[in-house]
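Trainee: Quick one: sequence and predicted model below, then my questions.
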Amino acid sequence: MHVTTAEQSAARDAAAIAAGTEGFALMLRAGTQAAAHIMRLAGARVARGVDVFVGSGNNGGDGYIVAAQLARLGVNVRVVAVKPPATPDALRAAELAKRWVPHVDELHGWQAVQSSPQQHANTTAHTHHADTNARSHHADTAAHDQQNTSVRGVIVDALLGTGAHGPLRNAVRDAAVSINAAGQHGSLVVALDLPTGVNATTGECAHGHVSANATIMFGTMRLGALSARHACGDISVVDIGLGEHGELPDGAAQFASRESLRAALPSIAWDAHKGTRGRTLVVGGTDGMAGAVQLACSGALASGAGLVRASVAPASVQPVQGLNPAVVCSAWPELAHRSNTGTKLAFDEALDEPLNGPAVNELATSRQRLTDAEHLGESGSLQHDVRSWAHVVVVGPGLGRDQNAALLLHHVLECAAHSDAALVLDADALTVLARYGMVSALQQCAGQREVVITPHLGEFRTLAAALNIPEPDGSTHDRMRAARAMAGALQCTVLLKGTPNICTGSSGDAWLISRGSNALATGGTGDVLSGVVAALLASARATGGDGARDKSGNSAALVAVAAWVHGVAGEMLSARGNTVADVVRALPAAWSAFTAAQPLPPGVLAQLPSVSEEEPCNTATLPSTPAQRFTSPAQLPSTPAHDVR
């Protein structure tokens, strides 16, 4: 399933309509699926009644269908229309709703909209039109809103659709105030497509936007929602019958979910042994940074790696071995840790340009001495492990950023050029690549094997500058543009960490991974992620499987699996009271969540949990009696004026 901008979403609807699906049929399906899902979410809350706030466009039309379907189930419904329907399909939906919402009052003035629930106790539903010229002031209505709408079980936001943008105005703004007031006093707020005031493309939230407990999207995930999840609550995408038109080849990214990614995960045979589960080598851990390597190794072991080795600074061998006895640990070759004079080379942290002149000459001289000094045929040497042992080599956790780190990284790249091992570059390795003018060496290496880089935005910007890629502005849309450009320039897979994570291969195919929590906003979690990525790549390579690779040869889907599981591990923890070690301990449960057979509800294509600190919505199954009475769009009777299919 794609993640779409407002324009891409509209293009999918238009394509389905051009192919013969009636626009009103899409609206019927959307409203019916939404009503069914509201019943699942709300459970017994619907006994307290449902208010449906509708606008004048097609999103309002969806709301009219929701009102009609809920009313057919015997739910007490009120429709609050801030403007009369203004599109052909919305007009048709409003007429259809009248058959099931027979008592229609056209009351003018916002104060009239706030009539008390007791006045409607014996009425199935009432439709109210708010005259924007006569609305009362926010301060005068807020207390009234809280008193009279908070008793309703569910509030449905169908005011503005995917194409809306900019500030909220007039009656729509006042309706949003009323919806939020109801939500603060116990009503379940459900938005259709997006909460009013949330931009479908950028995720920008207008002042006074609706804060929903749940959002029901139609056909595709909305790009803006992934960076505005605090406003959307629990997100569900429902099928509205777009069919093949939901997957237009227009550059939209794939939405990463358990269902869409499960096929990418390599299976582990029942008779597997440690050699067939993949061999991972982690290179890093300069003095004082042994923990970074240990975390990467732990992430790999917890994600299925059969064997893990580490190559670290001599002083880090004992700490890594002591922290994780399952890891075979050896020291860097001596010349990688010391210069030819025996003095550690300092690195100026303020340096913004790649080193040149004598520094580069020293790097070349030391590199030759390193090659001469290492025992090329000895098992356990760095060169042997890269060339002949590892399925995947991770470089970067705790590597350091001095000239010795650059020397070591260049040596690993040279060794990898004579092996079949895949590379995962993270953390310091990415900064060293850019600052020491080694990007061309990576490009040459990536042309021969699988390479994955896992930068956060700061590391990405440093590397982007070295590649003359325009710096992303931080929005999801622009970060995806820049990630695709970098993947193409380096011919590698890029996992750009952020909210959401973006994973793209050199072909431009991208995945958006919107799992995680603020528990991951702590040092070391990126090291854990690099280990998870390495374990999956090693498993795939050990078994010779290519099923996880996209058409460009990059394992973008497999890397997206790693980011998904890592994110879910974070969701299992709170930001306070847990450390990065708890993230590692949560990985087994996260893997169980990924592999568990948990079918989605009928008609639901994808789901995302709320990121708020509120209690989750009641997701009890649809009550049996209403479910039996619920009808499909094709069975919903038409109005006398229209032949509804």
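Mentor: Received it, and whenever you're ready, just let me know what you need.
Trainee: so where is this structure shaky, pLDDT-wise?
Mentor: Within the chain, the ranges that satisfy pLDDT under 70 run 102-150, 334-380, 545-554, 612-645.
Trainee: what do you get if the cut-off is 80, keeping everything else the same?
Mentor: 101-151, 334-380, 544-554, 597, 612-645 (pLDDT under 80).
Trainee: And the residue nearest the centre of it?
Mentor: Ser514 (1.5 Å; CA atoms, centre = their mean).
Trainee: how near is that residue to Thr499?
Mentor: Distance check for Ser514 against Thr499: by CB to CB, to the nearest Å, it reads 8 Å. Any C-beta I mention is one placed from the backbone N, CA and C, and that applies to glycine too.
Trainee: Now do the strands in the stretch 451-600 of the chain.
Mentor: Counting by DSSP state E, counting those that start in this stretch, the stretch 451-600 of the chain has strands at residues 451-453, 493-496, 501-504, 510-513.
Trainee: Turn the ones you listed into CSV, columns for mean neighbour count.
Mentor: CSV is the format used below for the strands of the stretch 451-600 of the chain (neighbours: other CB atoms under 10 Å):
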stretch, mean neighbour count
strand 451-453, 26
strand 493-496, 28
strand 501-504, 30
strand 510-513, 26
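Trainee: Which of those strands sits closest to Leu537?
Mentor: Of all the strands of the stretch 451-600 of the chain, the one in closest proximity to Leu537, counting by CB to CB, is strand 451-453 (7.0 Å).
Trainee: Which strands border the closest one, and is each parallel or antiparallel?
Mentor: Sheet pairing of strand 451-453 (DSSP bridges) gives strand 422-425 (parallel), strand 493-496 (parallel).
Trainee: mind checking which of the ones you listed is nearest Ala90?
Mentor: Ranking the strands paired with strand 451-453 by distance to Ala90, with CB to CB as the measure, places strand 493-496 first at 39.6 Å.
Trainee: who's in contact with the helix or strand where Cys297 lies?
Mentor: If you go by DSSP states H and E, Cys297 is part of helix 290-301. Residues outside helix 290-301 that contact it (CB atoms under 8 Å, 6 or more residues apart in numbering) are 280, 282, 284-285, 308, 310, 312, 315-316, 319-320, 323-324, 326-327, 394, 397-398, 426-427, 524, 527-532, 534-535, 538, 566, 580, 584, 587.
Trainee: again, but for stretch 256-264
Mentor: Taking contacts as CB under 8 Å, 6+ apart, the residues outside stretch 256-264 that touch it are 1, 254, 503, 511-515, 547-548, 557-558, 560-561, 563-564, 593-595, 598, 600, 606-607.
Trainee: Count the residues that sit near Ala19.
Mentor: Other residues near Ala19 number 11, with proximity taken as other CB atoms under 10 Å.
Trainee: The residue nearest to it when sequence neighbours are not counted: what secondary structure?
Mentor: In space, and not counting its chain neighbours, Ala19 is closest to His245: 6.5 Å by CB to CB, 6 or more residues apart in numbering. When the structure is reduced to helix, strand and coil (DSSP: H, G, I helix; E, B strand; the rest coil), His245 reads as helix.
Trainee: And for His245, the neighbour number?
Mentor: Quick note: His245 (other CB under 10 Å) scores 18 neighbours.
Trainee: Much appreciated, bye for now.
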